[in-house]
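[1] Requesting a structural model of the entry that follows:
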Amino acid sequence: MKPLTFVLALLFVIGCVAFVWGQQPTTQEQPKKSEQVTKQVGVEKTLTSAGEIVSFDSTASTITVKEKSGKSETFKIDPKAIVKKAGKAITLKDLSAGEKIRVGYKAEAGEKVATWISVGVQHEKKVQAPKK
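    As a prediction, the model looks like this:
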C-alpha cells in the first residue's frame, strides 16, 4: 500500500510542475515604436522624446517641446535633472527656444517628469555618401 501512495504522490507532483511550466508565456512583449524605451541598470524605464524647444518656464520648471510630428509635449523638470550640451553640463538658464533637444522622462501621477535633457542632438540619421 505504501509504494502505491508514493507513486500516486510522485505523479501528482509531476503533474503540478508540468501544469505550472505550461502556463509560462513563451514570447516577450515588445515596446511600441512610438515610445522609445531606454533601460538603465537599477533605474526605472525611461521614455524619450525629441524635438525643438517651444518654451521654457524657469519659475514653474517646465519645458515645452514640439516633436517632428508637430505634437507639443510639456515636461516638468526634475530638480536633479541632468542637462548637457555637446557632452558638457549646462544649467537650465542656458536653454533657449528653437534649440533641438532630446528629453528622457518618466510618467508620474499623470505628469511627464524630465530626468535628463540633451541639447543640440541630431534627430535624423545622416546617410553617408559611398566612398569612391
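[2] what's the next secondary structure element after the strand ranked longest in the chain?
    Assignment by DSSP state E gives strand 72-85 as the longest strand of the chain. Next along the chain after strand 72-85, taking DSSP states H and E as the criterion, comes strand 88-89.
[3] strands paired with that next one, and their directions?
    Partners of strand 88-89 in the sheet, by DSSP bridges, are strand 72-85 (antiparallel).
[4] what stretches of this structure score poorly on pLDDT?
    1, 22, 24-44, 121-132 (pLDDT under 70).
[5] Could you pull out the strands in it for me?
    36-38, 46-57, 62-67, 72-85, 88-89, 100-108, 111-119.
[6] can you list those in a markdown table and add mean neighbour count and distance to F19?
    (C-beta placed from N, C-alpha, C; glycine too.) Below are those laid out as a markdown table (neighbours: other C-beta atoms under 10 Å; distance: least, C-beta to C-beta, whole Å):
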| stretch | mean neighbour count | distance to F19 |
| --- | --- | --- |
| strand 36-38 | 12 | 33 |
| strand 46-57 | 16 | 37 |
| strand 62-67 | 18 | 47 |
| strand 72-85 | 15 | 46 |
| strand 88-89 | 8 | 55 |
| strand 100-108 | 18 | 37 |
| strand 111-119 | 19 | 42 |
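[7] can you put the ones you listed in TSV and add distance to A9?
    Formatted as TSV, the strands of the chain follow (distance: least, C-beta to C-beta, whole Å):
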stretch	distance to A9
strand 36-38	46
strand 46-57	49
strand 62-67	61
strand 72-85	56
strand 88-89	65
strand 100-108	49
strand 111-119	53
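[8] And these: which comes nearest L8?
    Evaluated with C-beta to C-beta, these place strand 36-38 nearest to L8, the distance being 48.6 Å.
[9] residues contacting the nearest residue to I90 once chain neighbours are set aside?
    Leaving aside its sequence neighbours, I90 sits nearest to V83 (C-beta to C-beta, 6 or more residues apart in numbering; 5.4 Å). Neighbouring residues of V83 by C-beta atoms under 8 Å, 6 or more residues apart in numbering: 89-92, 94-95, 116-117, 119.
[10] Could you list everything V83 pairs with in the sheet?
    Under the criterion used (DSSP bridges), V83 bridges to I117.
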